[in-house]
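Q: Next input, structure requested:
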Amino acid sequence: MLARRETARTRGNRLAAKLMRAVGTLALGAGAVLGVGALGADAARPARPVRVRSSASKEVLPEMYPEGELWFEEQISDHFSVGAGAPSSGIEVWRQRFFANVTYFAGENAPVFLCVGGEGPALEARVVQDGGMHCGHMMDMAREVGALVLALEHRFYGKSMPRPDFSNKSLALLSSEQALGDLASFHEHATRLYGLSSKNKWVTFGGSYPGMLAGWARLKLPHLIHAAVASSAPVSAEADMSGYNDVVAASLANPHVGGSSACLDAVTASFENLGARLDSEAGQRSLENTFDVCEAGSLSEEENWQGFSESFWGLFPLQDNDPSCSEPLCDYSRICDMAETSGFDDPLDLLVQLYRTKRGKDCLDVRRSKMVARLQDASNPERAWLWQTCTEFGFYQTCNPGSNCPFMKKPFASSLDASLRLCSEVFGVPGAVTKARITFSNLMYGGVNLQGSRVLYVNGEVDPWSANSIADSISVSLPVVWVQGASHHFWTHPSKPSDDEHIVAARQKISDQVDLWLLFDAHTT
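A: Just a heads-up that it's a prediction; the model follows:
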């Protein structure tokens, strides 16, 4: 027993030394990009070190507290409806799924790390084991500081369904505001369930839309959430998100990921050639044959051109560039190497080679009418995120003439009007309403003009979503970390030996920042 106590003590001493190093590393000023640390020399003195659970408590905590897959049985369906909209029997509730891991929980003064769910695939038990794709580094930190680990699934994604389908009537309960209401109610539930107090400081984590929610939870609920790490969080809602493909163009030319100006030129020329062939009937038939389009004559209809051309965007690692990947043409470096060395006679051959290498055996269905019919089906879960784009965020990735977009700009198919028309066709939401809701979202949350404290924004250099995130530190309490060569919240993935030095350094900066914030009381910014 003595040896085990010494191990715990040693761990505690190591954590204390690490945290004091974080305190000694002062932040850069507003407008700068964070190096390490986030509070200046005038910051308040730390209140207390993080408590590390003893080895003895490690054996009893799993028996005291529930863990694994769990359900919050009385989540409120509509946090904002009272009076006529409420059921006569009282407040309507539903079952929301969450996961818990108490293995590292140090008890009385230890923090709570909450992995915020979002629009991605259903959460799995691994989210509180290795963190999954959004909270891998969070799990590494939880081990270090003795945190209780929780993960809350977002309403209408995965198994957390306030309603049985995705009809308009049901989706009226789907919004980021309702999701933040869920977080607040869950905070109260978990506090009771695990016997928590104000000494247990909550830190939210997430990447992409969950990163948006993680940051907003701290800014909107500062009495509940102590700090947040918002990774790859496009907090600025926008209808015409032309910046997305501008970042793609810069990535194709970026030597940090194996890109070059020659690569960008080759990709641009290939899409220009694709567009030119759409202008003639002979070219349309040739493209249908080359790319195995399912229905002959589909490309005679202009409404199908957007779906056709955008099918090829997915051949590029727009959000998942991984230099350690092993599949053919799986990252920018391999694609650019092919573009620069293959000596194609026809510029279109670049797309042909990519398509034949990466597509499956199915034919390419480009019919817009079929896509719209699929999205009009109230049982289709794809409707959930589309609903949020139509009623809150936009984020329509256009390829406008005159922009830096490397994809097909002529004919002009990937337009804002085409995306807004989809909202009208699928949900009956007019374009004017979508634009008004986007404006309201930025009024509600602040867009990139945020005020608050203790939110760390982390962005990758080749992540297209960074175009709508926080580019520079707003203040010493709202700092930014930029990760060279990194794609969409790559640093939140479970660590692996192939992670490059920039990913490793970013994780260290995040750890140091969270460690530092955990030292402060609720009133220190």
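Q: Nearest residue to the residue nearest to the spatial centre of the chain in space, please, no chain neighbours.
A: By CA atoms, centre = their mean, the mean C-alpha position of the chain lies nearest to residue 208, the distance being 1.4 Å. In this structure, residue 208 finds its nearest non-sequential neighbour in residue 232, 5.4 Å apart by CB to CB, 6 or more residues apart in numbering. Using the backbone N, CA and C atoms, a C-beta is placed for each residue, glycine as well.
Q: separation between residue 173 and residue 217?
A: 19 Å (CB to CB, to the nearest Å).
Q: ok so, going back, what are the phi and psi angles of the residue nearest to residue 208?
A: Dihedral pair for residue 232: phi 50, psi 50, per degrees, to the nearest 10.
Q: tell me, how many neighbours does it end up with?
A: The number of residues packed near residue 232 is 30, by other CB atoms under 10 Å.
Q: where along the stretch 351-500 of the chain do the strands fall?
A: 394-396, 455-460, 480-483 (DSSP state E, counting those that start in this stretch).
Q: Single out the most deeply packed of these.
A: Highest mean neighbour count among these (mean count of other CB atoms under 10 Å): strand 455-460, with a mean of 28.
Q: What pairs with that strand, parallel or antiparallel?
A: Next to strand 455-460 in the sheet, as set by DSSP bridges, lie strand 227-231 (parallel), strand 480-483 (parallel).
Q: As a markdown table, those strands with distance to residue 197 and mean pLDDT would be great.
A: Formatted as a markdown table, those follow (distance: least, CB to CB, whole Å; pLDDT from 0 to 100):
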| stretch | distance to residue 197 | mean pLDDT |
| --- | --- | --- |
| strand 227-231 | 17 | 98 |
| strand 480-483 | 31 | 98 |
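Q: average pLDDT across stretch 213-220?
A: Mean pLDDT, computed over stretch 213-220, is 98.
Q: My error: substitute stretch 184-193 in the last question.
A: The model assigns stretch 184-193 a mean pLDDT of 97.
Q: Do I have it right that the residue nearest to residue 208 meets residue 465?
A: Yes - counting by CB atoms under 8 Å, residue 232 touches residue 465, with 5.4 Å between them.
Q: Give the residues shared as contacts by those two.
A: Common contact partners of residue 232 and residue 465 (CB atoms under 8 Å, 6 or more residues apart in numbering): 208, 488.
Q: Run a quick neighbour tally on the residue lying closest to residue 375 once chain neighbours are set aside.
A: Using CB to CB, 6+ apart and skipping the chain neighbours, the partner closest in space to residue 375 is residue 426 (4.6 Å). If you count neighbours by other CB under 10 Å, residue 426 ends up with 22.
Q: now residue 216
A: By other CB under 10 Å, neighbour count at residue 216 equals 29.
Q: Now do the SS call for it.
A: helix (DSSP: H, G, I helix; E, B strand; the rest coil).
Q: Would you confirm that it contacts residue 176?
A: Yes - Residue 216 is within contact range of residue 176, at 7.0 Å (criterion: CB under 8 Å).
Q: quick revisit: so can I have JSON lines of the strands paired with strand 455-460 showing distance to residue 369?
A: Converted to JSON lines, the strands paired with strand 455-460 look like this (distance: least, CB to CB, whole Å):
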{"stretch": "strand 227-231", "distance to residue 369": "38"}
{"stretch": "strand 480-483", "distance to residue 369": "42"}
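Q: out of these, nearest to residue 265?
A: strand 480-483 (26.3 Å; CB to CB).
Q: now the helix or strand just after that closest one and strand 227-231, what's the angle there?
A: The helix or strand immediately downstream of strand 480-483 is helix 501-518, counting by DSSP states H and E. With axes from the mean of the first three to the mean of the last three CA atoms, to 10 degrees defining the directions, helix 501-518 sits at 160 degrees from strand 227-231.
Q: elements contacting helix 501-518?
A: helix 2-24, helix 136-145, strand 202-207, strand 227-231, strand 455-460, strand 480-483 (3 or more CB pairs under 8 Å, 6 or more residues apart in numbering; DSSP states H and E).
Q: quick one: that helix to chain centroid distance?
A: 18 Å (CA atoms, centre = their mean, to the nearest Å).
Q: Same check on stretch 432-448?
A: 19 Å.
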